[in-house]
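**Student:** Test case, fold it:
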Amino acid sequence: MATSEQWTSLLSWLATQKVPTHEFKAVLQSPSESSHAYAVLPGDRRLVAVQDIPESTSILTLPHNVLLNTNTIPKEFIEGVHGSQLTSTQALTLFLTTYRSTKRASPPADDETSSIKYPFDEYLFTLPTAFPDIPLVWVLEDFYEGNTKVIDAGDAKNFKRMETYLQKNVTTPSQDLFKTYRLMTYTTFRKSHDVLCRFIQDWSSLLPTLRERHPSPFLEELIWAWLIVNTRSVSFDLGHKDHADNIVLAPAFDMANHSPTSRVTAVVTPHALTMYSSAPTGRVRSPLTDRLLEFSGSSSSSGAPPRDPSSSSQPEAPCVIRRGEDITFSYGPHSNPTLLAEYGFIASPAHNPWDSIDVTPLILALFRSGYDPHLQKIDMLKTANYWEDYTIQCDPLECSHRILVALRLLHTASERVSEWWDHVEGQRDEMDEEVEDAVRTTVDQLFSELSARSRALLNTLHSPVLHPAPLGLSSYAFQCLKTLAINESNAISSYPSGM
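**Tutor:** Purely as a prediction, here's the structure:
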């Protein structure tokens, strides 16, 4: 089985770090080397099994010292008066930004004058070099007119341009903010804008430190570093109080692609991160310490505990991953709009069980901010934690409970709001018939509005004068936007009016 040159180099480095690479049951394959059809991205690399892998079997194990995190980053790469104030995401981003900008400004590695040593260099060499299909990149390239490769990320003026622009729309961000936003469903736009806001927040925190870096990092390098952390970090207990800071970058582990149903699971111990085929249960021998570990995950399909490598009396577990098959795991219960905004791909063109339609602004618009009875109801919804976050599940098509609760209050007379509180507290399932009829009518109107918006977006996306390349979109990215719009349209059109 052909393997990637990057994989071979990575294994050599891991071996020098005393990682048991001879026990790895997977290899990395690049597009030209793999004949397997599964891929979440066109031509993406994939992690492939080199042998049949039974259930609850260790596929690869990484000790703590090869996991890139705030404890293993050499302090000189993130030192400075501002370094101690950074989150893990920001610290890792700073390290990767410094790495990339220093590499750019340094002599080639084979140049005798080059004496810079880069920790984790062999691992960093395996990372993606760009993220062209993530909306954050489209937006920033659009705003900075394609100049992110030369814009100084440490120059406060460059940051202020974007910050000022966004602050003008901070209350109700509009899809008119950026050209590519207009080509998205509202749900995709909201997810993409949330990613942009997170990036801007981290850029703001890093700005004082970036200003002190030499050579000055370019904005493109900062974007790349931030997206590496955002797309590839995994949870690992580092002892930080904030759970979000307990993240690491894991060589080899992060090469497994996404699938809605995970074929592997990650097991974290104080010593290592191990990838197992399905969830280990009972007692499993640690590949690093040779100690038996107790797990209480889901049982194997045979109903027996996982096979102890030291025992020959236990039966072989059913094979769950065949030689040559992709090793995939779920990045989480993510909708396709989330996957595109966060990772730059969609999972399944036809169906994603987590897909939903964000209708928050349409519901909020029903409550008039200058009308006292509505203002009182807004306060009630906030008190009951039912204000905002209104979605419609796509398959099966269903309004969320939050929508129904809000609409029931909207149509409840002020003198009868105590009945609504009874509903919120679970003492009654529905309101009286008059209120429920009004809710159904409003839902009909909601879907009518969604249908009109959906048709308008599809007309825009299929316009013969629309060309994706000038907008910075690859053909794959443009097809993703079309697919998301079509899927949402199909879901909306399945609504039986007047039900």
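**Student:** Quick one: end-to-end distance for stretch 319-331.
**Tutor:** Using CA to CA, to the nearest Å, the span of stretch 319-331 from its first residue to its last is 23 Å.
**Student:** Quick one: mean pLDDT for that stretch?
**Tutor:** Throughout stretch 319-331, pLDDT has a mean value of 89.
**Student:** So which bits of that stretch are buried?
**Tutor:** Along stretch 319-331, these residues count as buried under the neighbour rule (16 or more other CB atoms under 10 Å): 320-321, 325-329, 331. Where C-beta positions appear, they are placed from N, C-alpha and C, glycine not excepted.
**Student:** What are the contacting residues of it?
**Tutor:** By CB atoms under 8 Å, 6 or more residues apart in numbering, the list of residues contacting stretch 319-331 from outside reads 1, 26, 36, 38, 46-55, 59, 256-266, 275, 277-278, 301, 339, 343.
**Student:** roughly how far is that stretch from the heart of the chain?
**Tutor:** 21 Å (CA atoms, centre = their mean, to the nearest Å).
**Student:** what does stretch 479-487 give?
**Tutor:** The gap between where stretch 479-487 is centred and where its chain is centred comes out at 18 Å by CA atoms, centre = their mean.
**Student:** Please put the alpha-carbon coordinates of it into CSV.
**Tutor:** Output for stretch 479-487, consisting of C-alpha atoms alone and laid out as CSV, is shown next (Å, rounded to 0.1, in the frame of the first residue of the first chain):
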residue,chain,number,x,y,z
GLN,A,479,-21.2,23.9,-5.3
CYS,A,480,-21.4,23.7,-1.5
LEU,A,481,-23.3,26.9,-1.4
LYS,A,482,-25.7,25.7,-4.1
THR,A,483,-26.2,22.4,-2.3
LEU,A,484,-27.0,24.1,1.0
ALA,A,485,-29.5,26.3,-0.7
ILE,A,486,-31.1,23.4,-2.6
ASN,A,487,-31.3,21.3,0.6
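**Student:** Can we start the residue count at 41 from this point?
**Tutor:** In the new count, where the first residue is 41, that last one comes out as stretch 519-527.
**Student:** which ones are touching residue 47?
**Tutor:** The contact partners of residue 47, by CB under 8 Å, 6+ apart, come to 67-68, 166, 292.
**Student:** Least confident of the residues you listed?
**Tutor:** Within the set of those, pLDDT is lowest for residue 68 (87).
**Student:** my read is it is in a helix, agree?
**Tutor:** No: assignment of residue 68 by DSSP: H, G, I helix; E, B strand; the rest coil gives strand, placing it outside any helix.
**Student:** Can you tell me the closest non-neighbouring residue to it?
**Tutor:** Spatially, and ignoring its direct neighbours in sequence, residue 68 is nearest to residue 47 (3.8 Å; CB to CB, 6 or more residues apart in numbering).
**Student:** so how far is residue 159 from that neighbour?
**Tutor:** 20 Å (CB to CB, to the nearest Å).
**Student:** my guess is residue 193 meets residue 264, correct?
**Tutor:** No: under the criterion of CB atoms under 8 Å, residue 193 is not in contact with residue 264, lying 10.7 Å apart.
**Student:** Residue 428: what secondary structure?
**Tutor:** Using three-state DSSP, the three-state assignment for residue 428 comes out as coil.
**Student:** Can you get me a residue count around it?
**Tutor:** 13 (other CB atoms under 10 Å).
**Student:** residue contacts, it?
**Tutor:** By CB under 8 Å, 6+ apart, residue 428 lies in contact with 400, 404.
**Student:** cool, and residue 266?
**Tutor:** Counting by CB under 8 Å, 6+ apart, the residues that residue 266 touches are 129, 133, 239, 242-243.
**Student:** 7 Å instead?
**Tutor:** The contact partners of residue 266, by CB atoms under 7 Å, 6 or more residues apart in numbering, come to 133, 239, 242.
**Student:** In which helix or strand does it reside?
**Tutor:** helix 259-272 (DSSP states H and E).
**Student:** about what we covered before: between the contacts of residue 47, which has the most around it?
**Tutor:** Neighbour tally across those (other CB under 10 Å): the maximum, 25 neighbours, falls on residue 292.
**Student:** Many thanks, we can stop here.
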